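K.L.:
Curious how this folds, go ahead:
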Amino acid sequence: MEQARSRRAEVSAETGTADVRAQAAPMPSQFRSADEVRERCESADRARGEHTHSEVPIPRPRVADRPHGDEGSRAGEEAPREAPAGSGRHVVQRASVRRQILDALRTALVAGELTPGEVYSAPVLGERFGVSATPVREAMQQLALEGAVEVVPNRGFRVVVRGARELAELAEIRALIEVPVVLRLARTVPGERWAELRPLAEASVRAASSGCRATYAESDRAFHRAVLALAGNEQLLRIAEDLHRRAQWPLLGGSAARGRADLIADAAEHSTLLDALIAQDLTVVQSLVRGHSTGTP
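P.N.:
Numbers count the residues shown, from 1 in each chain. Predicted coordinates:
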């Protein structure tokens with residue numbers, strides 16, 4: 001009996017806690033990896049005769065199986081699984097697996113595939129991705145550092161429940177950082193440099209037209225990152241990126257609050273902002289930057 005209980009638990013080498021499959025929330029059937037989320041969005045685009053310009057889909061991670069109970073024996077080590085000849089599957093190295101899982105979980109958060117308040121077990125998520133629990137646990141620990149999830153001892157990781165107040169606080173901080181920076185750039189950056197960002201603004205409109213929150217979230221961050229990059233401050237970019245990403249996580253029960261029309265309206269402000277920056281209309285620039293930071297895709 002004791003051996004049976006031991007086999008049901010996997011102990012984290014990093015946290016010293018156990019993820020017990022029976023106690024964690026079951027994996028929702030609608031959960032998709034990052035490439036599946038993008039494929040779903042792009043399939044809808046193809047049905048409308050549209051073309052998307054998203055990143056290359058993340059291949060489904062596949063790594064070596066360890067003997068039972070050996071997973072935590074060498075933290076941070078995991079050999080790649082050999083793909084059968086002619087299978088067409090990629091052999092993915094350890095660090096790449098961890099990064100792909102983190103990207104997939106971030107996409108799932110934005111897309112609403114991970115439900116706020118629910119607890120997810122690393123072994124169950126690992127089964128979903130076809131990997132062991134170790135890279136999933138490491139990715140979840142990174143999300144915990146970012147404030148997206150919290151560790152639940154002996155169960156797994158709970159997706160943080162966010163309210164309107166937290167969203168308003170994030171918007172206030174983003175405005176405090178971005179408004180003065182963009183106003184300074186508006187006074188010093190020549191119009192032709194702003195014109196170079198047109199393709200990113202147009203790409204965000206196409207992404208918004210897909211109606212996919214995850215697709216638009218990536219495009220939205222890319223545009224804002226390009227604007228702030230003109231300040232030449234790497235620390236600013238990192239802080240702004242973190243705040244922007246956190247502002248994109250859906251509220252509890254509010255993942256569908258903003259539809260395709262809302263995303264398109266949000267994306268259209270990117271081109272309007274570029275027009276104001278080129279014209280050095282500081283009043284419009286300040287209004288757009290402050291107002292734009294209060295919205296979430």
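
K.L.:
Which other helices and strands does the host helix or strand of residue 172 contact?
P.N.:
Following DSSP states H and E, one finds residue 172 within helix 164-188. The contact analysis (3 or more Cβ pairs under 8 Å, 6 or more residues apart in numbering; DSSP states H and E) places helix 164-188 against helix 213-229, helix 234-247, helix 260-279, helix 282-292. Every C-beta, even on glycine, is put in place using the N, C-alpha and C of the backbone.

K.L.:
Can you point out the buried residues in the shortest one?
P.N.:
What that stands for is helix 282-292. 284-286, 288-290, 292 (16 or more other Cβ atoms under 10 Å).

K.L.:
Repeat that for the second one.
P.N.:
With burial defined by 16+ other Cβ under 10 Å, the residues of helix 234-247 counted as buried are 240, 243-247.

K.L.:
CA-only coordinates of stretch 229-239, as CSV, when you get a sec.
P.N.:
C-alpha atoms of stretch 229-239 as CSV (Å, rounded to 0.1, in the frame of the first residue of the first chain):
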residue,chain,number,x,y,z
ALA,A,229,13.5,50.2,-27.8
LEU,A,230,14.2,53.5,-29.4
ALA,A,231,15.0,54.8,-25.9
GLY,A,232,18.1,52.5,-25.9
ASN,A,233,17.4,51.3,-22.3
GLU,A,234,17.5,47.5,-21.9
GLN,A,235,16.3,47.6,-18.3
LEU,A,236,13.3,49.7,-19.3
LEU,A,237,12.4,47.1,-22.0
ARG,A,238,12.6,44.2,-19.5
ILE,A,239,10.4,46.0,-16.9
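
K.L.:
and residue 221, what does it touch?
P.N.:
Taking Cβ atoms under 8 Å, 6 or more residues apart in numbering as the criterion, residue 221 is in contact with 241, 244-245, 248.
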